[in-house]
Every structure is written in structure tokens, then in C-alpha cells.
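Participant: I'll drop the sequence and a predicted model, then ask my questions.
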Amino acid sequence: MPKFIALALSAVLLLAIPLESQKTKVFPFDYKIEELENGLKVVTIPLNNPNIISYYTIVRSGSRNEIEPGKSGFAHFFEHMMFKGTKEVPSAAYDEFLTQLGAGTNGFTTDDFTCYFVVFAGRDNLEKVVKIEADRFINLYYTEDMIRTEAPVIEGEYYSSVSNPDRRLSELLRGTAFEKHSYKHTTLGYLKDIQDMPNQYEYSLLYKNRFYAPDNTILLVAGDFDPAQLMTLVKKYYSDWKKSNYALQTPVEPPQTLPKRAHYDWPTKTLARLAIGFHGPAYSDEMIDKAALNLLAEVSFSPSSPLYQRLVNEEQKCASLGANFSDNRDPHLLVFNAVVKNDDDLATVESEVLKELERIKNEPASASKLADIKSNIKYSMADALGTTDGVAGTLARYLELAADPGTVNKLFDLYERITPQDIQDMAKKYFKPANSTVVTLTGGKAK
Amino acid sequence: MRASIKTYLIGILLIGISALLTSCGNKVNSNKLTSELLPVDGNPLVSFRLLVKVGSANDPSGKEGLCQLTWSMLASGGSKTMTIKDITEKFYPMAASVSLIMDKEMAVFSGTIHKDNLEKYYAVFKDMLLDPGFREEDYNRLKTNQLNFVEKTLVNNMDEQFGKEILNLMLYEGHPYGHHEAGTGESVKGLTLDDVKTFYKQHFVQGNFVIGLAGGYPADFPAKITADFAKLPESFTPRLSLPPAHMPQGLEFVIADKPTPASAISMGFPVSLTKADKDFFALWIAGSHFGEHRQKVSLLFQKIREERGQNYGDYAYIEHFVQGRDKFPAPNHAREQQYFSIWIRPLANSNRHFVIRQALRELKKFVDEGISEERFQLVRTYLLNYTKLYAQTLGERLGWQMDSHTYGRQDFLAEAQSVLLKLTREDVNRAIKKYLNFDNVCVAVITQDADSLKNDLVANTPSPVKYANPNMPKNVLDEDVVIQEFPLDVKAEKVRIAPAAEFFQKAGLPAK
């Protein structure tokens, strides 16, 4: 058996998590958190999977950070600029290094954070990766001309999904539901702001100084490496990175006091879309609100729920139905989505979703249903943690929120404690008409 | 421990048997089941990949989409004893599902389950495939979904995929590959539940099946599955005798006209090799150099996006490509015939003519000049390392194993490690000359004001572009002067224009 195949096989063997045979924690891996003097947190998770290493740099820079008018989409734009290299290692040399390494590498930006990852084979390459990644975060260098060339790429990225009505619906929902908070815009940002990015060189320097600093960054390394050696390397290469000490003040979203509604006419034929959003709580592994609502979403809107079965499989009014309660640093939206086959059924589906939310306030979920849900989320997590990159990728968003992998187990302990009454209480607290925003999209009438 | 060693040894033995079986089963028609086993002792997960060697190319004429609808009835419909509601409820606590992967010559029913739940999961999975319910309500739901996809979603909501599918139509019009797996608006409307039952009876037979299993399953589990599926009729679907794909004569354009601020572009032509061919590895290096999928090593990415900021990315492929986990190629899309393609992600309409010119000019340079020694060394090293990341999950490992055998290889990824090292720059450049060209290319464009683009193309109108950066590097601007007037030999009669809404509603391309 070729060596690398055997290694990959071992990775699968050792990372998969026994659930019943070993009463283990949902996140079962040993980990260590250390912090450099400059505030850089380093989370190491050695895994017994020879050869593969996932090296993640998590910066708390997302659309949440875009607090000034005209700067929507800037966190994502800056992600692009982070690939422009340094004076010592210009972008072409950086690209060539990663190409030689055969690394799986990229970055992505969310509402709350930007993540850069290098997934590669071979612990012998670790020092080279630490060195080059530290260099680009500490010594990033680009000119105004480089900004002006890169900015239109963002417009191209915007165009790559311009035909997707779901993106438009998401823009409309956020734009309508939020008044002040920067979650009002999507990660891509408004097109007019994107088109002004070529002129934002000075602001980009300000942005870098504020957020691309060790006290706003977490390094996550998972896989086949020696943690002590890694920490020696991290201290060697990252210690010169200067703190920012910038304290982000995100605008506080005022309580919504009246129901809101908006509609978008899509220019061509499309299935109708419905999204209903309610302002909800931020992520927490201590307060029950968000965890209880996560379970509610499964009780009422998962494919095993009676409403899904009726609207999708029996009456077949919907092509899809679901709930999306994202985990965020600040309070975000609890969103119910449906793709509706006939425009004429849009109002009925909206009414059914709202009726279900009323029902759940008054009828407790059964104990067996809750047990099924808890089982589902545990097995889903076990599957997600099945590879080195699965561990790092899954953990990245939790680290951004809580800076400690232990938050996963705390969250799942919280799930265990949640009762049907808790779910009812949270439904009553959040699903009020005055807290709702309904957006719809239909197409084909304009042309 | 002793039991584990025994399981392991049995596993090794079964791998050997499996390899022997598949070395025959995938190359020669047989009435009997074959299997692909990848036991991983101690792994608490089990991955299923049940491959049927029947795909959309087997759709009867006029019933395009029937294969997908039939296999969807198995993967997303109920069994005789359980409705889809029952199945969903049963699967939910296990976080289990059955997924369908569709392609032209094959389909795969896949799922991964924790071994805590293996018996419960398999009991349901087996009945879904071997004893399907074929209920009217499932049929209506899945048929409507398929119809909505071709009538609304594909042509209105996903322009990048729309462009790729038009390219497929251009290359394979009148060919068994020459329709979307979902069919056309007209063909799907005409399908009946009886068609589905007949297709199932005809094609869901032993000789079409490869049972793929990976992970920590019990040693006797493969025999159990084999016994269950051996109840299927002993028969097989004869391999299709595929006609040649359409080799474009000159530059052939199809333009789908719709209101849009951005143009999506795909272009390509058939190539006469697959992973089964010796030359594949050499052309693989060439393709990776020219356009590795969503990686900066791609030359097109560097020239179009990085140097000029025209769009989000630009890539090229020497075979049909489907993105799997992360950006790696998804296995189990093996085909007997392949095509070369270039994918230009959407860009401002004002720059469409320039970028079409640029892509074709780069293709010409690539074919004329080949790859430099420096790039050859770099890209070869890249592939040697990058491919180590391809098969990380059980399902991926199993899928690559199955593909290897489909193409008559023992282990494609392992062979790549040795074959790539033996190649020279000359081997790569020979392969480029042998398989690629720049004169005869099909180009699919989704854009607005299609007539205007046609006029520009036919008249070879200069197509200068403006940049947000007033200080673009001189070498870029100098090259732009050449690109903006790069002559393309586009004949008016080789440019078809049709409203976007007319595509995929009937067989073939819309009226010329």
C-alpha cells in the first residue's frame, strides 16, 4: 500500500469518534491554549493522523467590524489584500511557496471573522509555514495601485452570484431588519461600496492597524506536529507583531417595535422565496436562550418535523423549508426560509410558519423528540470532526466566538440541560410580531 | 485485539478479492454484482457508495431526465414498507441520509453512518433501493422539483452552471451525453410513473452494480450486502456505443441572451483521452499549469484575475470536473469521453469581448509554446503534494478506488506519485500538441445585448478595457494593446443567439 494512502487511512481511523462505545465528550481531542505577550492566542490540537497539518489564522474581522458608512464589504476586501505578500516575500513568491507545498489554501470572511488556512502534508514543512504566515500577517505590504487592481475582483465576486435570488433575499432581509448594526449588510457589501473600494487605500491602512493585530487574532493548528516545537516557532516568528489595543464599538441595534415587510421583484422566472427573521440572541455557551432556540429550530423546521413533512412532502407547496440561526458575537437574526413552488402559495406558507411558531409557544416538545435532536446533533458533530481539516474547520468558528475549544463541550452540556419548557419560554420571548421582518421574492412578471 | 487482527486480515483478503472482481467487473459486462471494499479496522464510521453503471446517457430518446428521476425515487422517495416521512424520522436521530450523485454514465447512492447505527441504517437503505415504494406522491414531488430546476433555476438563477451546461449541449448535441441529467422541460413533463418503474426494472440489475463499502464494518457485512443485492435479476445494461463528440469547426459561439450586468463564459472542445490513457498524467500537468481549479497556480487566474482584476477567477480542465469537498475534484464522475474546458467566471459586460479574446489568445500561446521547464517543475511538485489531500474521508478514498478500477487502474492517486516523477517537460508539451488546439473551440456566453457581442466578434471590433488603477504595469498595458485587437476568426453563421429562457426546454440547442 503506498505510504501516503496508508497515512490518509490512518487519519480516518484515528479521528473518527466512537460515541456509544466510549462515553466521550462531543469534542474529544486534547488541546492547549497559550498566549504570547502580544496577545496572540495559540490553540494547538495534536492529532494522531500522520502527515496532515491544518494551520488556521482566525482574525476577528468581519462585516461586524464595518462600522463606518461606505465601508460595507471591507473585511472581505481586506481578506483579498492579505494575499499580496510582503517586501521580503512578495505575492508571487508566496504563491510559489504554497504551490510547491501543494497546500490546500484560501481564506473566507463571515459576519464576525476572517479565516486563513493552509492545509499541507509533512511536518518537515511546519517551520516554513509558520515563518511565511507570520511574515505576511506582520509585514503585509501593498501599494495603492495594488488596491486599485484588486478591488474590481470583488466586483467580479459579486457578479459570480448576481443571478442567485437567495443572495438578493438575504440582502433584503438584513437591510430591512437591521437599523444600525453592521449586520445590516452582507459580507460582500453593497455594490456602490464595492465600486468605491479602489479609492480606499488610506482606509485600508487604518483597517489593518485596527484589526490585523495579535490581540485580535487566534492561531489554530491541528494535526501531525509537536506542540512544543510549534510554540517555539510561533514565539520566534510572531513575537514582533505589535498589539493594536483597538476596542471595536459596534452600533447597538435598537429594539424593533413594529413588524416590517419588504418584497423584491426578480426580473426573470424563479421559484418564490420567503424569509422571516426575528432579532435573536448572540452566541453563548452559558445562557440558554440561543441553545434553546437552536433546538426549537430542529423541533419545528428540520426535515423530520411535522410542518416540513406536510409542506414539502405531503402538500408539496415548498421545495425547501428550514431555519437558520447563525452563531454570532452580537445578536443576529433567527431566520426561517422557504422556497415556494407557486407564487400563490407564498401567503399560505408564511401563515403556516407563523402558526408553527405560535404552536411551539403553547405545546411542549416531546421528550423523545428532544432526545432525537440531541442524538442528531452529536452524530452530526462526530461526522464533522472526522478529518484533520474537519476538526480545524469546525473549531474555527467556535474559537472566534469563545477563544476556547472547550466551548463546544459546554454548548453540548447546555443542550443536555434544556427542557421543553425552556424552548417554550424562548419562543414566547423572541417570536413576537413586533420583532419580525418578512421578506419575499417572486419573479417573471417584469419580463 | 485478536478479533481486530482477524478483521483486518479478512479485510485485506476481501480487498484482494474485490480488486480481482472489479478488474473484471468494470471492464467487461457481467451479469453479476461486483464490489469495492476498503475495510478500516477500528474506524467507527462506515461509508457506503453503491454505484450503478447507468446514468443520464442511458435516458431513452424523448425521455431525457428519466434516469435521474428514477434514481431520485430511490434516494428521496419511500420504500414499500416506509414512506419518506418514516425514513426521515428513522434517519434523523442517526444524522443519516442517502445522497445521489448523478453523471452521464453512472450514479452513486452514498451515505456514511456511525457503526453504532449500521444495522438500523442499512435495513432502511437496502429497502429504499431493493424494494422502492414508487408512490404517486413521491413521483409528483420529485418530478416537479426536476421540472422546476430545468425550467426556472438552471436558466435564471445560476449563470455559471448555465454556461457550463450550454457548452455541454454544444459538444454533445445529438449524443447520449447531450442533455442535462435533469432532462428538458418538454421531456420531464412527458415522463410517467410507469416510465420510472420500467427503467428501474430494466437497469437496476446485478451486472450494473458495484457495492462500495469502507470503514469499520464487521467482517461478515460485505457478504450480507452481497446476498441481499444478489436478489436483483442477473442481467446488465450493455455499454453504450458512443458516437464521437462534436469537434467544432473554427470558433463556434452560442449566446444566451438575458438581462444581466455580468457575462458568464465557458469554452472547450472534446479531447480523446481519459484517466485510462498513458498520456493523461502529462496532460494533467499541462491542465494544472493552465488552469488548476480555484488555485493561484492557474495561469489563466494569474493573467485575467490577478494582473487585471477582471473577475473572481479563471480555470481550465482536461476532463469533466465536479468540485467535491473544499476545492478537490469529486470522485465518481468517470466518463468514457472527455472534454477540455475553460471556465471564465462572470465579469462586467463591458469587458466580455476583451476577456474572450484574452482567454483564446492564452490558449493559442499555451498550445504553440507549451510549458516552460520552470513551470513544469513547479506544477509537477504541486500535483505530487496537492493530490495527497484529495482522499481524506472514507467516502473520498472509496470513490477514488472505484474510479481507479473504472479506468482500469489499480490506484490512480498512488500511480500518480510515481508516474509524475518520470515525466519530462517534453512529454507534457507533446501531450499539449496532441490533444489540445486553439482553432476549433465552442464558446458559450450568458450575457445581455447578445447581438452587440455578435457584431463585435464577427467584425473583430477593438475591445479596449478601462482599469480602476491609473498606473497599471506597462507590461500589462502593452499586452492589452495586443489582446484588444487579437483577431478571432468568427463567422456570423457560427454564432447562435437565443433568449436564455429557451434553453433546456427542448432537446438540443434552441433554434439556430
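Facilitator: Looks like it arrived, so ask away. Numbers count the residues shown, from 1 in each chain, chains lettered A, B, ... in the order given.
Participant: Quick check: residues of the stretch 251-400 of chain A near chain B?
Facilitator: Counting by Cβ under 8 Å from any Cβ of the partner chain, the positions of the stretch 251-400 of chain A adjacent to chain B are A:266-271, A:302-304, A:309, A:312-314, A:316, A:319, A:341, A:371-372, A:375-380, A:382-383, A:386-389. To be clear about C-beta, it is placed using only N, CA and C from the backbone, and glycine gets the same treatment.
Participant: Secondary structure class of residue B:111, three-state.
Facilitator: Following DSSP: H, G, I helix; E, B strand; the rest coil, residue B:111 is assigned to strand.
Participant: Tell me how the chain divides into domains.
Facilitator: Assuming you mean chain A. Domain ranges of chain A: A:31-238, A:260-443, per automatic domain parsing.
Participant: ah, I was thinking of chain B
Facilitator: Split by automatic domain parsing, chain B gives B:2-229, B:251-502.
Participant: count of residues packed around the residue of chain B found nearest chain A?
Facilitator: For chain B and chain A, the shortest gap (Cβ to the nearest Cβ) falls at residue B:385, measuring 2.2 Å. If you count neighbours by other Cβ atoms under 10 Å in any protein chain shown, residue B:385 ends up with 21.
Participant: Could you confirm it falls within a strand?
Facilitator: No. Residue state for residue B:385 (three-state DSSP) corresponds to helix; a strand is not indicated.
Participant: if I pick it, what's in contact with it?
Facilitator: A:100, A:101, A:102, A:103, A:120, A:121, A:122 (Cβ atoms under 8 Å, 6 or more residues apart in numbering or on different chains).
Participant: And it, how far from residue A:99?
Facilitator: Residue B:385 sits 9 Å away from residue A:99, going by Cβ to Cβ, to the nearest Å.
Participant: those strands in chain B, which residues are they?
Facilitator: Taking DSSP state E to define them, one finds strands in chain B at B:34-39, B:45-52, B:99-102, B:107-114, B:209-215, B:251-257, B:262-271, B:314-317, B:338-348, B:441-447, B:495-499.
Participant: can you redo the domains of chain B as TSV with mean pLDDT?
Facilitator: Putting the domains of chain B into TSV (pLDDT from 0 to 100) gives the following:
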stretch	mean pLDDT
domain B:2-229	90
domain B:251-502	97
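Participant: Export those domains to a markdown table and append columns for distance to residue A:221.
Facilitator: Listed next are those as a markdown table, based on distance: least, Cβ to Cβ, whole Å:
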| stretch | distance to residue A:221 |
| --- | --- |
| domain B:2-229 | 24 |
| domain B:251-502 | 16 |
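Participant: of all those domains, which lies closest to residue A:77?
Facilitator: Closest to residue A:77 of those is domain B:251-502 (Cβ to Cβ; 12.0 Å).
Participant: Out of the residues of the stretch 251-400 of chain A next to chain B, which end up buried?
Facilitator: Among these, those classed as buried by 16 or more other Cβ atoms under 10 Å in any protein chain shown are A:266, A:268-271, A:302-304, A:309, A:312-313, A:316, A:319, A:341, A:372, A:375-379, A:382-383, A:386-389.
Participant: So which of those belong to helices?
Facilitator: Of those, the ones assigned to helices by DSSP state H are A:372, A:375, A:376, A:377, A:378, A:379, A:382, A:383, A:388, A:389.
Participant: can you redo these as JSON lines with pLDDT and distance to residue A:113?
Facilitator: Output for these, formatted as JSON lines (pLDDT from 0 to 100; distance: Cβ to Cβ, whole Å):
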{"residue": "A:372", "pLDDT": "96", "distance to residue A:113": "32"}
{"residue": "A:375", "pLDDT": "94", "distance to residue A:113": "30"}
{"residue": "A:376", "pLDDT": "96", "distance to residue A:113": "26"}
{"residue": "A:377", "pLDDT": "94", "distance to residue A:113": "22"}
{"residue": "A:378", "pLDDT": "92", "distance to residue A:113": "25"}
{"residue": "A:379", "pLDDT": "93", "distance to residue A:113": "27"}
{"residue": "A:382", "pLDDT": "89", "distance to residue A:113": "24"}
{"residue": "A:383", "pLDDT": "89", "distance to residue A:113": "23"}
{"residue": "A:388", "pLDDT": "91", "distance to residue A:113": "20"}
{"residue": "A:389", "pLDDT": "89", "distance to residue A:113": "17"}
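Participant: how many neighbours does the closest residue to chain B within the stretch 51-200 of chain A have?
Facilitator: The minimum distance from the stretch 51-200 of chain A to chain B, using Cβ to the nearest Cβ, falls at residue A:102 (2.2 Å). Around residue A:102 there are 23 other residues, counting by other Cβ under 10 Å.
Participant: Same check on the one 10 residues further on?
Facilitator: By the criterion of other Cβ under 10 Å, residue A:112 has 26 neighbours.
Participant: Skipping its backbone neighbours, what lies nearest it in space?
Facilitator: Among residues not flanking residue A:112 along the chain, residue A:62 sits closest, at 4.2 Å (Cβ to Cβ, 6 or more residues apart in numbering or on different chains).
Participant: Can I get stretch B:147-163 in PDB, CA atoms only?
Facilitator: Below are the C-alpha coordinates for stretch B:147-163, written out as PDB (Å, rounded to 0.1, in the frame of the first residue of the first chain):
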ATOM      1  CA  LEU B 147     -39.000  20.300 -13.900                       C
ATOM      2  CA  ASN B 148     -38.600  23.500 -11.800                       C
ATOM      3  CA  PHE B 149     -34.800  23.000 -12.000                       C
ATOM      4  CA  VAL B 150     -34.700  23.000 -15.800                       C
ATOM      5  CA  GLU B 151     -37.500  25.500 -16.400                       C
ATOM      6  CA  LYS B 152     -36.600  28.100 -13.800                       C
ATOM      7  CA  THR B 153     -33.500  27.500 -11.700                       C
ATOM      8  CA  LEU B 154     -30.900  26.500 -14.200                       C
ATOM      9  CA  VAL B 155     -31.600  29.200 -16.800                       C
ATOM     10  CA  ASN B 156     -32.400  32.000 -14.300                       C
ATOM     11  CA  ASN B 157     -30.600  31.500 -11.000                       C
ATOM     12  CA  MET B 158     -27.200  30.000 -11.700                       C
ATOM     13  CA  ASP B 159     -25.500  31.600 -14.700                       C
ATOM     14  CA  GLU B 160     -22.100  30.000 -14.100                       C
ATOM     15  CA  GLN B 161     -23.600  26.500 -14.300                       C
ATOM     16  CA  PHE B 162     -25.900  27.600 -17.100                       C
ATOM     17  CA  GLY B 163     -22.900  28.400 -19.200                       C
END
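Participant: is chain A contacted by that stretch?
Facilitator: Yes. Using Cβ under 8 Å from any Cβ, we find that stretch B:147-163 touches chain A at B:148, B:151, B:152, B:153, B:155, B:156, B:157, B:158, B:159, B:160, B:162.
Participant: re earlier: what distance do you get for the residue nearest to residue A:112 to residue A:201?
Facilitator: 21 Å.
Participant: Skipping adjacent residues, who's closest to residue A:168 in space?
Facilitator: Per Cβ to Cβ, 6+ apart, closest to residue A:168 is residue A:264, 5.8 Å.
Participant: residues in contact with that neighbour?
Facilitator: Contacts of residue A:264 by Cβ under 8 Å, 6+ apart are A:165, A:168, A:169, A:172, A:439, A:440, A:441.
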